[in-house]
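Chemist: sequence first, then the predicted structure, then my questions.
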Amino acid sequence: MRNMGLQRLTLVEPLEFPSGVAVGRAASALDVLEGAEVVSDLKQAIAGCSLVIGTSARSRSIPWPMLTPEQSAEKVVTESQQAEVALVFGREDAGLNNEELQQCHFHVQIPADDDYSSLNLAAAVMVLSYEIRKAALKLADQSDRKEDEYWDQAKATGDQVEHFYDHLERVMVAINFHDPGNPRQLMQRMRRLFGRIRIDVMELNILRGILTNIELNIRKDTD
Ligand code: SAH
C-alpha cells in the first residue's frame, strides 16, 4: 500500500500487534505499520467514513451494489478529496463475513479465474491499490474538475448513519411494522437502500426529524 501512495492502515483485532514478522516485511514502509490504528471491530474502524468499499472473492447471500476495481478506484480517489473513505479487506483464511460485508456501501471483486478466484490478501491489496494509484495519477493530470464532483452538503459519516438505522428500527418496531423476533432481511435491505443513496447530512437530519415526530405522535395517541 505504501508503494502505491496509501498511508492510513487500520487493523481490526489483529492476532499479534506489534508483530516482528510484519515489521520485517514492511521494510522501508515501517511508518505505515507504526502509524496503524488498532481497533476491536469493523464498525469502529469505519465510524468516520462516508464511503466504505468491501472486497470479496465471491458474491454473497443477497446481491449488493458491485464495482469493478477501476470503478472502485475512481470513487475512492474522487470522494477522498472531501471525506474519509475505506477499503476493507478480509482475513487471509476466511475473508469478510456477511455482517461485515453489509456494513459496506459497495463491494469490489477482482475478476479472477472462476475456478480459482481467491487471491492472497497481499496480492489483492496490491491489485486494488494499483488501481487507486492509476486513478489518482489520472486525476492529478486533469486540471479542470467536473461539476458533479461537488455537493452542497457533506455526506453522512458511518456513525451518523448507524444512529439513523437504530432510530429507524426503533420506530418501525413501535408502529408494529417490524418484528425483531422475526426480522427477515428488513434491516439488511434498509442498509442496502440507504447505502446506495449515499445520504448527506441534511437528508439524514430530515429523516431523523420525521422519525422523531412519529415517536411524538405515537406517545400523544397513547396518552
Ligand atoms: N476464503 C476467503 C478468501 C479470503 S482471501 C473468501 O472466500 O472470502 C483474503 C482477502 O483477500 C479477502 O477477504 C479479500 O479482502 C481479498 N481478496 C481475495 N481475492 C479477491 C478478489 N478476487 N477480489 C477482491 N478481493 C479479494
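Modeler: Sure, I can see it. Residues are numbered from 1 along each chain as shown.
Chemist: how much space between the residue nearest in space to the middle of the chain and the ligand?
Modeler: Computing the C-alpha centroid of the chain and ranking residues by CA atoms, centre = their mean puts V52 first, at 1.8 Å. Distance, V52 to the ligand, by CB to the nearest ligand atom, to the nearest Å: 13 Å. In short, each C-beta sits where N, CA and C put it, glycine included.
Chemist: give me every residue in the protein lying close to the ligand.
Modeler: 55-58, 89-90, 92, 94-96, 108-110, 112, 117-119, 121, 124 (CB under 6 Å from any ligand atom).
Chemist: apart from its chain neighbours, what residue comes closest to V127?
Modeler: Spatial nearest neighbour of V127, chain neighbours left out: I110 (5.4 Å); criterion: CB to CB, 6 or more residues apart in numbering.
Chemist: what's around the closest residue to V108 other than its chain neighbours, how many residues?
Modeler: Once flanking residues are discounted, V108 sits nearest to S72: 4.1 Å by CB to CB, 6+ apart. Residues lying near S72 (other CB atoms under 10 Å) number 26.
Chemist: mind telling me what element S72 is part of?
Modeler: Element membership of S72 [criterion: DSSP states H and E] is helix 69-79.
Chemist: what packs against that helix?
Modeler: Contact analysis of helix 69-79 by 3 or more CB pairs under 8 Å, 6 or more residues apart in numbering; DSSP states H and E lists strand 51-55, strand 85-88, strand 106-108, helix 121-141 as its packing neighbours.
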